[in-house]
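K.L.:
Here you go, sequence then predicted model.
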Amino acid sequence: MGFVKGLKCRECGREYAVEPIYVCEFCFGPLEVVYDYDGIKGALSRDMIKSRPQNLWRYRELLPIDGEPTCGLHSGYTPLVRAYKLGQHLGMKELYIKDDTVTHPTLSFKDRVVAIALSKAREFGFDTVACASTGNLAHSVSAHGAAGGFKRFIFIPASLERSKIVASLAYEPNLIAVDGNYDDVNRLCSEVANKYNWAFVNINIRPFYAEGSKTQGYEIVEQLGWRAPDAVVVPCASGSLLTKIWKSFKELKEIGLIDELHSKVYSAQATGCSPIVAALKSGVDVIKPVKPDTIAKSLAIGNPADGYYATQVIKESGGDGEDVSDAEIIDAIKLLARTEGIFAETAGGVTLASAMKLIESGKLDKDASTVLSITGNGLKTKEAIVGHTVEPYHIDPNLKSFEETLKQINALKGS
């Protein structure tokens, strides 16, 4: 038995039953899952969580399913890495990487949301799942949908990185490449969702799907010894991940699993698609849609569904935001790799590069315990750094050739 009370409009507050719906029929505001926190408080403890398998379902009382989970059983509980070398480089006293590049079946945080969405789709009785995606979600729905025995329709921008397209095709979904950007794809999917009885994870299942992002926040707190960090820097596409991490911190305080919450939440975006950060910098609440132009394609949502709510979370928490160029993204990917051995996709480069700017400007305190949310593996976007790495040394197959090259290497590196 779950602890979901129903759905509630984030604008007018009207309440709805638990159904595959996502907008209020009165004001067209987005719907959000509401829980019985008093019931959860009596049913969940730190010891109970600790006794469970190390996956995202260890927090199932705080997730919107009624029965046992049926999908994504191997997703979640990714490492929280103490980034000593990177922290020293940046002058940060206590820096961590929430490393969603590993452990997940498809190597991105989207496995969190898809685990919830598909488990809920099964509870609703759907046999077909679908999504609009900038890449990682397509990969995840293709994989988890295959494992779950669902029919799958995946809609992507045709300009997506080839490596992400191939990663989805491996699972043999019905992959639909649309000539247009993500916002064009999403509009088309809204029309398809209205006509066909399919579970679109980020449309009619969105209120439930989005709750999966909370598990990254739960894990951060648990892995820090049941304390919320002073600061967390989150890459923003729709803005949902940022809002849900904040919601997870507040929920843990609400049910008594943490005593204090003083976290500041920071938004990271690419300059070529930064409507949330642009609104913050302009001091306005209105999110002005933009046409994406960035190598960070997984963040290339020009009209973010949760953009307004992300700005409100940032203001409520006392955080801020920053945007970075493609060149800064590439440099940050390489910096993270050579300091911490973590190869992140372009969104990870956005997170680190934005954090660096926030540190330089004094908006992010160097003495604050800070977590950088790194959401996907660099193997997904290798194309982004082609031509921006050092070349290998070529030698003949003999010791003399190697030792001549070794002298060159030592001379270059001063050793």
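P.N.:
Perfect, I can see it now. Numbers count the residues shown, from 1 in each chain.
K.L.:
Which of the three states applies to Lys380?
P.N.:
Three-state assignment for Lys380 (DSSP: H, G, I helix; E, B strand; the rest coil): helix.
K.L.:
Please name the residues that touch it.
P.N.:
107-108, 135-136, 139, 161, 163-164, 167, 298, 345 (Cβ atoms under 8 Å, 6 or more residues apart in numbering). Backbone N, C-alpha and C define where each C-beta goes, glycine included.
K.L.:
which pair in these spans the largest distance?
P.N.:
Based on Cβ to Cβ, the longest span within the contacts of Lys380 runs between Leu107 and Glu161 and measures 13.9 Å.
K.L.:
With neighbour numbers in mind, choose between these two.
P.N.:
With neighbours defined as other Cβ atoms under 10 Å, Leu107 and Glu161 compare such that Leu107 has more, 23 against 20.
K.L.:
residues contacting the closest residue to the more buried one other than its chain neighbours?
P.N.:
Excluding the flanking residues, the one nearest Leu107 by Cβ to Cβ, 6 or more residues apart in numbering is Asn377, at 3.8 Å. Counting by Cβ under 8 Å, 6+ apart, Asn377 touches 101-102, 107-108, 343-345.
K.L.:
quick one, phi psi at Asn377?
P.N.:
Main-chain torsions, Asn377, degrees, to the nearest 10: phi -80, psi 140.
K.L.:
How about Asp99?
P.N.:
Per degrees, to the nearest 10, the backbone of Asp99 is at phi -100, psi 90.
K.L.:
go on, Ser263?
P.N.:
According to degrees, to the nearest 10, Ser263 has phi -70, psi 140.
K.L.:
when you give positions from now on, start the count at 8
P.N.:
I'll keep to 8 as the first residue from here, and by that count the last item is Ser270.
K.L.:
That one contacts Ala238, correct?
P.N.:
Yes - using Cβ atoms under 8 Å, Ser270 is in contact with Ala238, at 6.6 Å.
K.L.:
Tell me the spacing between Ile308 and Ile321.
P.N.:
According to Cβ to Cβ, to the nearest Å, Ile308 stands 17 Å off from Ile321.
K.L.:
next one: Asn384
P.N.:
With Cβ to Cβ as the criterion, Asn384 and Ile321 are 27 Å apart.
K.L.:
same deal with Lys260?
P.N.:
Taking Cβ to Cβ, one finds Lys260 at 18 Å from Ile321.
K.L.:
same deal with Ile104?
P.N.:
Counting by Cβ to Cβ, the gap from Ile104 to Ile321 is 21 Å.
K.L.:
so where do the strands sit in the stretch 308-422 of the chain?
P.N.:
328-331, 376-381 (DSSP state E, counting those that start in this stretch).
K.L.:
Of these, which is nearest Asp73?
P.N.:
Across the strands of the stretch 308-422 of the chain, Asp73 has its closest neighbour in strand 376-381 (29.2 Å, Cβ to Cβ).
K.L.:
quick check: mean pLDDT across stretch 287-304?
P.N.:
For stretch 287-304, mean pLDDT rounds to 95.
K.L.:
helix/strand/coil for the closest residue to Lys304 other than its chain neighbours?
P.N.:
The spatial neighbour of Lys304 that comes closest, neighbours along the chain excluded (Cβ to Cβ, 6+ apart), is Thr141 at 5.5 Å. For Thr141, the assignment made with three-state DSSP gives coil.
K.L.:
Can you get me a residue count around Thr141?
P.N.:
If you count neighbours by other Cβ under 10 Å, Thr141 ends up with 26.
K.L.:
Show the contacting residues for it.
P.N.:
163-164, 167, 189, 244, 304-308.
K.L.:
Sort out for me which of those are in strands.
P.N.:
163-164 (DSSP state E).
K.L.:
Which members of the contacts of Thr141 are the farthest-apart pair?
P.N.:
Maximum pairwise distance among the contacts of Thr141 (Cβ to Cβ): 14.8 Å, between Ile163 and Leu306.
K.L.:
In terms of neighbours, single out the busier of the two.
P.N.:
Counted by other Cβ under 10 Å, Ile163 and Leu306 do not tie: Leu306 has more neighbours, with 28 against 24.
K.L.:
Count the neighbours of the nearest residue to that one once chain neighbours are set aside for me.
P.N.:
Excluding the flanking residues, the one nearest Leu306 by Cβ to Cβ, 6+ apart is Ala244, at 4.4 Å. Residues near Ala244, counting by other Cβ under 10 Å, number 30.
K.L.:
what's the helix or strand of the chain with the lowest mean pLDDT packed up against?
P.N.:
Using mean pLDDT, DSSP states H and E, helix 169-176 stands out as the lowest-scoring helix or strand of the chain, at a mean of 90. When contacts are defined as 3 or more Cβ pairs under 8 Å, 6 or more residues apart in numbering; DSSP states H and E, helix 169-176 packs onto helix 143-155, strand 158-164, strand 181-185.
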